[in-house]
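# Pasting a predicted model and its sequence here:
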Amino acid sequence: WLAGRQNPNGSWTNKVGYKLYDDYYGEDGDSVDVTALACMAFVSAGHLPSRGKYGRTVEKGVDFLLRCVRDDGYITQNGSRMYSHAFATLFLSEIYGMTKRHDVKEKLKMAVNLIVGAQNKEGGWRYSPSPIDADLSVTVSTLQALRAARNAGVAVPIDTIERAGKYVKRCATRFGFTYQTSMDYSFNDTRISYALTACGVVSLYSSGEYESR
């Protein structure tokens, strides 16, 4: 079913856009994030480029994502944002870790460097690769990507991880984790939810903290 919905260029189609309050705005297009997630589903079942029943499906997905890497390392298509970049970086990390393809390594290092450079002064990340403000939902995605890249052998500055850990901890309250910290900007969104609390825990795990109170 999933393979049957892959586009000829290797991508999957999804509405690419943004959420505003309770509505989502965007248009159907080649999706970086859904392509990465769909390919990870195949990889988790043992299919790799040139290996397995759906090896060709994964290979086409890899090639599509590599074509989406801009000269500055940003993996984007149709206006997709940092969530998509993080998912694509995570997937390419898995592929490089299992195949050691040089073309994947080259683009993966560029993608990692983009993430490192987009970290804001508080230690988090936001929708675009501009180090202005940050939120926990983007930060958890980028930390998962950085952890996967490091596991695959790509260098990630320890300072980047330490700063991110401090940001995540500042989102922690006695009731759960907040979307943004309360101290960074006067207009920050400090709502708490189960999903955001899961993001906080996963963020700390991705940064190597497994027993933090």
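Done, it's in.

# So which residue is dead centre in this protein?
Nearest residue to the geometric centre of the chain (Cα atoms, centre = their mean): A86, 1.7 Å.

# residue contacts, it?
Counting by Cβ atoms under 8 Å, 6 or more residues apart in numbering, A86 touches I115, V138, S141, T142, Q144, A145. Bear in mind the C-beta positions are built from the backbone N, C-alpha and C, glycine included.

# And Y194, by the same measure?
Contacts of Y194 by Cβ under 8 Å, 6+ apart are G176.

# Now the lowest-mean-pLDDT helix or strand in the chain: buried residues?
Within the chain, no helix or strand scores below strand 12-20, which has a mean of 89 by mean pLDDT, DSSP states H and E. By neighbour count on 16 or more other Cβ atoms under 10 Å, the buried set for strand 12-20 is W12, N14, V16, G17.

# how far out from the middle of the chain is the longest helix seen in the chain?
Using DSSP state H to define each element, the chain has its longest helix at helix 82-99. From the chain centre to the centre of helix 82-99 is a distance of 8 Å (Cα atoms, centre = their mean, to the nearest Å).

# buried ones in it?
Buried, per 16+ other Cβ under 10 Å, within helix 82-99: 82-97, 99.

# ok, and what's touching the helix or strand following it?
Per DSSP states H and E, helix 82-99 leads on to helix 102-117 as the next helix or strand towards the C-terminus. Residues outside helix 102-117 that contact it (Cβ under 8 Å, 6+ apart): 62, 66, 69, 72-75, 85-86, 88-89, 92-93, 95-96, 125, 129, 131, 142, 145-146, 149, 152, 154-157, 160.

# and whichever helix or strand comes after helix 102-117, C-alpha only, in CSV?
Downstream of helix 102-117, the first helix or strand assigned by DSSP H and E is helix 136-151. Presented in CSV, the C-alpha positions along helix 136-151 are these (Å, rounded to 0.1, in the frame of the first residue of the first chain):
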residue,chain,number,x,y,z
LEU,A,136,10.2,22.2,22.2
SER,A,137,8.4,20.5,19.3
VAL,A,138,11.1,21.5,16.8
THR,A,139,13.9,21.0,19.3
VAL,A,140,13.0,17.3,19.9
SER,A,141,13.0,16.6,16.2
THR,A,142,16.5,18.2,15.7
LEU,A,143,17.9,16.4,18.7
GLN,A,144,16.7,13.1,17.4
ALA,A,145,18.4,13.9,14.1
LEU,A,146,21.6,14.9,15.7
ARG,A,147,21.7,11.8,17.9
ALA,A,148,21.1,9.5,14.8
ALA,A,149,23.9,11.3,12.9
ARG,A,150,26.3,10.9,15.8
ASN,A,151,25.4,7.3,16.1
